[in-house]
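Kindly return the folded structure for what I paste below:
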Amino acid sequence: MSPKVSVVVPVYNVAAFLPACLDSICAQTLEDIEIIVVNDGSTDNSLEIAREYAARDGRIKVLTKENRGYGHTMNLGLSQATAPYIGIVESDDCARPEMFETLFNLAVKHDADVVRSNYWNMSQNGTRFDLVDVLNLAGAPYEAMFDSADYPDILRGSPAIWTAIYKAAFLRENSIEFLETPGASFQDTGFALKALTSAQRMVITRKAFLNYRVDNAGSSVKSGAKMYCVCDEYQSLEEHLARNPRRAEAFRSVIPAKKYETYVWNYNRLDIALKPEFMERMSREFAEAKSSGDLRRPAFQDREWGDLMELIENPTALGGRDLAVQYPPEDFKEHQRTRCANGLISRFHMYYLFVRHALRKTRSKVAA
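Prediction:
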């Protein structure tokens, strides 16, 4: 039987986590899948583990190659996929059993280009889970098909490429793939933004399926070679959108805001010796965006806008301090509905929270 979903698993030195990852994919309620494990020259026993699983489960295909980085690994996996839809599971994460059956059924129902779900941040030891809502404040509907160009704030959430399945034909027709810069970081950023800006038929479900293992996100980046990887990702996005001016215009105001968010995250992680050089690059790029009319004040929060203007006009005044991304307040009711959909609270408790929240807002207005 032909597979309905191809699941690509990039592997590099993850022997400690790979068995749990593969167990979770093999246990999917959607049995008609193929699992493409791509070993990127691991120096531990990851390849042996993958081959042991392939010997037990004929749905697993193991590809191995010399180490050429994440982008090359992912593109090889995508090129070998034979199913109409493609999913991604990182080798230190786990997918809950109903993930691909739910996403595939939604994809078929809506003939979707992309079907995306919420996810769980999972602690390193796999004992703590925090629900993450990928929509944030985009305003797009759940469980219904929409064109992403009608909800451009969809870009403001996490790239989270592993929360979704993608129509294989959609990726090919829009030339959506990963950059293959050796040793680069952020290579999920360009892929995610290209997919989101291109998706004319998109669906998002409130349900959360992927357990994303949170690593040491606060670790410092000391390599100058990796400093500009994020810039390469946004340049590739701009080149991608240049081929479709109508869609480029739809996202014109939100892309600089998303870019600022990503650049700031990168800047704050840099070793102090690298910060001045990257700040100069940021200042130059956003000055160009301002002069071309691409910076729109409503796309930024107050503190962000203040820092951005200082970054453009007088970056040395920032003194090398960390910059801030100021997210808009969370939509209380939407977040509670998402918690309810994922079994964290009952429907009765959800309505109780709505009433309590409304009473608090009323009291605040009276006090004011």
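
ok, longest helix in this structure?
Secondary structure of the chain per DSSP state H: the longest helix is helix 347-367.

I figured residue 179 hits residue 193, correct?
No - if you go by CB atoms under 8 Å, residue 179 and residue 193 don't touch, sitting 11.8 Å apart. Where C-beta positions appear, they are placed from N, C-alpha and C, glycine not excepted.

so what's in contact with those two at the same time?
residue 233 (CB atoms under 8 Å, 6 or more residues apart in numbering).

about what we covered before: mean confidence score for the longest helix of the chain?
Helix 347-367 comes out with an average pLDDT of 90.

and for that helix, what are the contacting residues?
With CB under 8 Å, 6+ apart as the criterion, helix 347-367 contacts 332, 333, 336, 337, 339, 340, 345.

Distance of the second one relative to residue 61?
When distance is defined by CB to CB, to the nearest Å, residue 333 is 44 Å away from residue 61.

More neighbours: which of the two?
residue 61 (17 against 13; other CB atoms under 10 Å).

so which helix or strand takes in the nearest residue to that one once chain neighbours are set aside?
Setting aside the residues directly before and after it, residue 61 is nearest to residue 36 in space (CB to CB, 6 or more residues apart in numbering), at 5.2 Å. Residue 36 belongs to strand 33-40 when assigned by DSSP states H and E.

next one: that strand to chain centre, how far?
Here strand 33-40 is found 20 Å from its chain centre; the criterion is CA atoms, centre = their mean, to the nearest Å.

cool, and stretch 358-368?
A distance of 37 Å separates the centroid of the chain from that of stretch 358-368, by CA atoms, centre = their mean.

quick one: average confidence on the helix or strand containing residue 172?
Applying DSSP H and E as the criterion places residue 172 in helix 168-173. The average pLDDT for helix 168-173 rounds to 98.

now stretch 58-65
Rounded mean pLDDT across stretch 58-65 is 98.

who's in contact with it?
Contacts of stretch 58-65 (CB under 8 Å, 6+ apart): 3, 22, 26, 33-41, 47, 50-51, 53-54, 72-73, 76-77, 80.

same deal with stretch 330-342?
Under CB under 8 Å, 6+ apart, the answer for stretch 330-342 is 118, 131, 133, 135-137, 206-208, 345-347, 349-350, 353-354, 357.

Now do the buried residues in the strand holding residue 36.
33, 34, 35, 36, 37, 38, 39, 40 (16 or more other CB atoms under 10 Å).

And for stretch 241-251?
Those would be 241, 247, 248, 250, 251, for stretch 241-251 by 16+ other CB under 10 Å.
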